[in-house]
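Asks: coordinates only, no sequence provided:
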């Protein structure tokens, strides 16, 4: 399968196979007015299978969100057909305003204006807890 | 400016320092009687807790300070729908330090971010209650003169008991500590307490269903109440209820210097016949709580003698 090269844009590489659509939805790529290519289960030496997203436009990406969802992702920024920046995602220390705390006893359940915020408490097990009630975030 | 929302916000050396201050206060109360003169403590209790509120207020009064506040949400502007952030920001303009109880978990975190003065968590739902743990720690220290190498039995409702979880977190930081969890199957210690607090430090623990089988091993027996509403059916509750009631007969095999603790209030889980046993330490906990709260207020206000 041939998918054309990008001149100016972003390639999200090394997405865990099967997670591509989650990333697509969370980054709200359907709202873009440019070409977006979603490649699922591409062959990979490193990963066996992987997903790739190519976005034919430069855009701001929330790296914390991306790192939280799939810390193995590589973000390639393309200018004039060349990779000018390659960024390896990692688990962010905090995830702010993206996930919702699901603990019905948490203060965020009654005070709607509070920003939901999670902190990384166990890097090895990838555990995030609500900064208010310590409830574990579910992906 | 610093707030205390969780017992683990305090390092071991800070706990030692608070214990030393509390012990000095017990020995020399006069020395501390004016250290907080001119300072105000606001007790913001969004749900009633007479014991904890009075303990904070007594602590501040004994330091020569003043107290203001409310004892339930209906007598505060929360009843009009004001947010925790706004209430504490306003109170921060009046008081030098805040002690706050709230039914929702994490409310003191919001308060600490907005108040502009130190905030002490006086209990947030089933989440944290660090000053109860301070009371527990001073009690253990005054009775055992060490935290290291103790075997601590925790009995009753270990699933929902925040005081149990907090004390496990605090004691797990000391060398040579062992835990024995005594509970019915329905109320076992949550797995996350084991995976978060005990396993990373290789702390030995065991789970049993009766106190008699482990009584001779224990240095501390921390009792909690087994509540009927925690069970799926009445028959199980009635069958198990008496298993978790401490009586003089069950104490017979305990070490002579074991101590019996309870965060109070008790209902029937410790027979009143145990009250006169020299091992009963639960009323000492109440008094110790006042001294530790006073020591904590001093620390957060950066007041020295």
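Replies: It's in. Quantities reported herein were computed from a predicted structural model and do not represent experimental measurements.
Asks: would you mark the buried spots in stretch A:28-43?
Replies: Applying a neighbour-count criterion of 16 or more other C-beta atoms under 10 Å in any protein chain shown, one finds A:29, A:36, A:38-39, A:42 buried in stretch A:28-43. (Each C-beta comes from the backbone N, C-alpha and C, glycine too.)
Asks: actually stretch A:108-116, sorry about that
Replies: Buried, per 16+ other C-beta under 10 Å, within stretch A:108-116: A:108-109, A:111, A:114, A:116.
Asks: now swap in stretch A:70-79 and tell me
Replies: Those would be A:70, A:72-73, A:75-78, for stretch A:70-79 by 16+ other C-beta under 10 Å.
Asks: apart from its chain neighbours, what residue comes closest to residue 17?
Replies: This is for chain A. In space, and not counting its chain neighbours, residue A:17 is closest to residue A:49: 4.0 Å by C-beta to C-beta, 6 or more residues apart in numbering or on different chains.
Asks: could you do chain B instead?
Replies: Closest to residue B:17 by C-beta to C-beta, 6+ apart is residue B:299, at 7.4 Å.
Asks: and for the one you found, the neighbour number?
Replies: Residues lying near residue B:299 (other C-beta atoms under 10 Å in any protein chain shown) number 18.
Asks: one step back: any chance of a markdown table for the buried residues of stretch A:70-79, columns distance to chain B and secondary structure?
Replies: As requested, these are arranged in a markdown table below (distance: C-beta to the nearest C-beta, whole Å; DSSP: H, G, I helix; E, B strand; the rest coil):
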| residue | distance to chain B | secondary structure |
| --- | --- | --- |
| A:70 | 24 | coil |
| A:72 | 24 | coil |
| A:73 | 28 | coil |
| A:75 | 32 | strand |
| A:76 | 37 | strand |
| A:77 | 35 | strand |
| A:78 | 41 | strand |
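Asks: okay if I get those residues as JSON lines plus pLDDT?
Replies: Compiled in JSON lines, the buried residues of stretch A:70-79 are given as follows (pLDDT from 0 to 100):
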{"residue": "A:70", "pLDDT": "92"}
{"residue": "A:72", "pLDDT": "92"}
{"residue": "A:73", "pLDDT": "95"}
{"residue": "A:75", "pLDDT": "95"}
{"residue": "A:76", "pLDDT": "94"}
{"residue": "A:77", "pLDDT": "93"}
{"residue": "A:78", "pLDDT": "94"}
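Asks: between those, which is nearest residue B:68?
Replies: residue A:70 (51.1 Å; C-beta to C-beta).
Asks: in the lowest-mean-pLDDT helix or strand in chain B, what counts as buried?
Replies: One helix or strand of chain B scores below all others by mean pLDDT, DSSP states H and E: helix B:234-241, with a mean of 78. For helix B:234-241, the neighbour count (16+ other C-beta under 10 Å) marks B:237, B:240-241 as buried.
Asks: what about residue 44, how many neighbours?
Replies: All of this is about chain A. 14.
Asks: wrong one, I was asking about chain B
Replies: Per other C-beta under 10 Å, the neighbour tally for residue B:44 reads 28.
Asks: which strand or helix spans the residue lying closest to it once chain neighbours are set aside?
Replies: The shortest distance from residue B:44 to any non-neighbouring residue, by C-beta to C-beta, 6+ apart, is to residue B:100 (4.5 Å). Secondary-structure assignment from DSSP states H and E places residue B:100 in strand B:97-102.
Asks: pull the distance from that strand to the chain's centre.
Replies: 15 Å (C-alpha atoms, centre = their mean, to the nearest Å).
Asks: contacts for it?
Replies: A:107, B:39-47, B:49, B:52-53, B:56, B:69, B:84, B:88, B:91-92, B:107-108, B:111, B:115, B:117-125, B:293, B:297, B:300-301 (C-beta atoms under 8 Å, 6 or more residues apart in numbering or on different chains).
Asks: mind running it again at 7 Å?
Replies: The contact list for strand B:97-102 (C-beta atoms under 7 Å, 6 or more residues apart in numbering or on different chains) reads B:41-47, B:49, B:52, B:56, B:84, B:88, B:91, B:108, B:111, B:115, B:117-124, B:297, B:300-301.
Asks: repeat that for stretch A:108-118.
Replies: Contacts of stretch A:108-118 (C-beta under 7 Å, 6+ apart): A:94-97, A:99-101, A:107, A:128-132, A:137, B:83-84, B:104, B:110.
Asks: any idea of the mean pLDDT for it?
Replies: On average, the pLDDT along stretch A:108-118 is 95.
Asks: how about residue B:211, secondary structure?
Replies: With DSSP: H, G, I helix; E, B strand; the rest coil as the basis, residue B:211 sits in coil.
Asks: quick check on the contacts of stretch A:108-118: which are buried?
Replies: A:95, A:99, A:101, A:107, A:128-132, A:137, B:83-84, B:104, B:110.
Asks: any idea which of those residues is least confident?
Replies: residue A:99 (89).
Asks: pull the contacting residues for the residue in chain A that chain B sits nearest to.
Replies: With C-beta to the nearest C-beta, the shortest gap between chain A and chain B falls at residue A:132, namely 2.5 Å. Counting by C-beta under 7 Å, 6+ apart, residue A:132 makes contact with A:101, A:106-108, B:105-106, B:109-110.
Asks: how does it look with 6 Å?
Replies: The contact partners of residue A:132, taken as C-beta atoms under 6 Å, 6 or more residues apart in numbering or on different chains, are A:106-108, B:106, B:109.
Asks: residues near whichever residue of the stretch 101-250 of chain B sits closest to chain A, how many?
Replies: Taking C-beta to the nearest C-beta, chain A has its nearest neighbour within the stretch 101-250 of chain B at residue B:106, 2.5 Å off. For residue B:106, the tally of surrounding residues (other C-beta under 10 Å) stands at 30.
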